[in-house]
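# my questions are about this predicted structure, shown below with the sequence.
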Amino acid sequence: MTDPLRTILVERLGCKVPVIQTAMGWVAEPSLVIASSNAGAFGFLGAAVMTPDEARAKLLEVRRGTDRPFGVNFHSFQPGADKIVELILENREQVGAVSFGRGPNAKMIGAFKDAGILCIPTVGALKHAQKMVELGVDMVNVQGGEGGGHTGSVPTTVLLPQVLDAVQVPVIASGGFADGRGLVAALAYGAVGIAMGTRFLLTQESPVPDSAKAAYLAASTDGIVVTTKLDGIPQRMVRTRLMDRIEKSGPLAMWLRALEAGRAMKRQTGASWGDFIGSARGMTAHGAMPLKQAMMAATMPMLIQKAMVEGDIENGVMATGVVGGRIREVPSCQQLVDSIMAEARERLAALGVPAAEPITA
């Protein structure tokens, strides 16, 4: 009997369940990738905020911690992107997929595909999904407006069927998912699985400090806001005192934050101001983003790092999906995946869908 939960995502990525752990900067570190992959999901390493040397070390750490396939996320406009790509290709025997926004061109996508690495971009609009398919990607991850961090305005329940009707590649659903009910709903739409960020952020193996996790757990859906004051682009964040101050700030304050974060980025990465501006210009080339916004976007990881790495809630920001407003516990990745699959099977049974034995391979 065919198992409805053994989708093409499971078959092609080599994971056990149709669930992806997304590549959150400063969060999708080796500990989380190892735990999510060993639990049966497909984990992505968040290399978009790493230097090539950091990425090399962390790729090795993941490979030492799991024999399961996993993915790597990167930006083609980040400093050292060419070296990151080389590292991914060098680790092709275990790196099964790459994820990215609008960045790689058809030539780079072709190089990944030639190496047997699946290309799975995250898109937040129908036109972006269509463009990525034209460039030759293997699947698309559709993130509805409920998603965390940079987000669009179209809800998942509208965007997902739009994309499913328009493209001929497998589609993954993200933005608002946290449990087995959501997985079954996504499959009913026609998706091949779900991708989750906030839900995996709030697990025991997530490297996020306890102080930040506590702030996430305390946030209600009313305490999650969308702001354009961080870099001029809508972003979904946990509402904090810092976010309230930022919301009241003017353009000058936004520039000052960008310059301060830029200096911090230079100290940490050793990049020059030329590298920083070059990275920002790379963003403008792929998203019709004005340079002013791109320069602020290039420094955003430093503000996120304050909370996600240092646990400094007062001076950092916390990206979240709106689904974070209903999460109240921090399970292990194994407990989370097991509960998702158990609930999914319960829902399928309630709908009268024949079920095969749970996946064990």
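Sure, I can see it. Numbering: from 1, shown residues only.
# buried ones in stretch 201-209?
Counting neighbours by 16 or more other CB atoms under 10 Å, one finds that the buried residues in stretch 201-209 are 201-203, 205-206, 208-209. Where C-beta positions appear, they are placed from N, C-alpha and C, glycine not excepted.
# in the stretch 1-150 of the chain, which spans are strands?
Assignment of strands within the stretch 1-150 of the chain using DSSP state E, counting those that start in this stretch yields the ranges 19-21, 42-46, 70-73, 95-99, 118-119, 122-123, 140-143, 149-150.
# who does the first one pair up with?
What it means is strand 19-21. Partner strands for strand 19-21, per DSSP bridges, with pairing direction: strand 42-46 (parallel), strand 194-196 (parallel).
# mean pLDDT added to these, as CSV?
Formatted as CSV, those follow (pLDDT from 0 to 100):
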stretch, mean pLDDT
strand 42-46, 98
strand 194-196, 98
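# what is the burial count for the residue nearest to residue 148 when sequence neighbours are not counted?
Closest residue in space to residue 148, ignoring its immediate chain neighbours: residue 321 at 4.0 Å, by CB to CB, 6 or more residues apart in numbering. Neighbour count of residue 321, defined by other CB atoms under 10 Å: 28.
# low-confidence stretches in the protein?
For the chain, the stretches flagged by pLDDT under 70 are 1, 102-103, 251, 253-301, 355-361.
# does residue 110 touch residue 136 like I think?
Yes. The pair residue 110 / residue 136 is scored as a contact, 6.4 Å apart, by CB atoms under 8 Å.
# ok, residue 354 - how many residues close by?
10.
# contacting residues for the nearest residue to residue 22 once chain neighbours are set aside?
Nearest residue to residue 22 in three dimensions, chain neighbours excluded: residue 197, at 4.1 Å (CB to CB, 6+ apart). By CB atoms under 8 Å, 6 or more residues apart in numbering, the residues touching residue 197 are 21-22, 24, 27, 147-149, 174, 321.
# what do you get for residue 312?
Counted by CB under 8 Å, 6+ apart, residue 312 has contacts residue 306.
# just residue 48 next, same as before
Applying CB under 8 Å, 6+ apart to residue 48 gives the contacts 23, 25, 73-75, 78, 100, 301.
# 7 Å - rerun?
Shown in contact with residue 48 (CB atoms under 7 Å, 6 or more residues apart in numbering): 23, 25, 73-75, 78.
# then residue 106?
Neighbouring residues of residue 106 by CB under 7 Å, 6+ apart: 135-136.
# redo that, cut-off 10 Å
134-137 (CB atoms under 10 Å, 6 or more residues apart in numbering).
# which of the residues you listed ranks first by neighbour count?
Neighbour max across these (other CB under 10 Å) = residue 137, 26 neighbours.
# my read is that that residue contacts residue 104, right?
Yes. Residue 137 lies in contact with residue 104 (CB atoms under 10 Å); the separation is 8.9 Å.
# which residues do the two both contact?
With CB under 10 Å, 6+ apart, residue 137 and residue 104 have common neighbours 98, 112, 119, 121.
# what sits against the last one?
Read it as residue 121. Counting by CB under 10 Å, 6+ apart, residue 121 makes contact with 73, 98-104, 109, 128-129, 131-133, 135, 137-141.
# what do you get for the second one?
Taking CB under 10 Å, 6+ apart as the contact definition, residue 112 lies against 85, 88-89, 92, 95, 97-98, 100, 104, 118-119, 136-138.
# can we see that at 6 Å?
With contact set as CB atoms under 6 Å, 6 or more residues apart in numbering, residue 112 has these partners: 98, 119.
# and for the third one?
With contact set as CB under 6 Å, 6+ apart, residue 119 has these partners: 98, 109, 112, 137-138.
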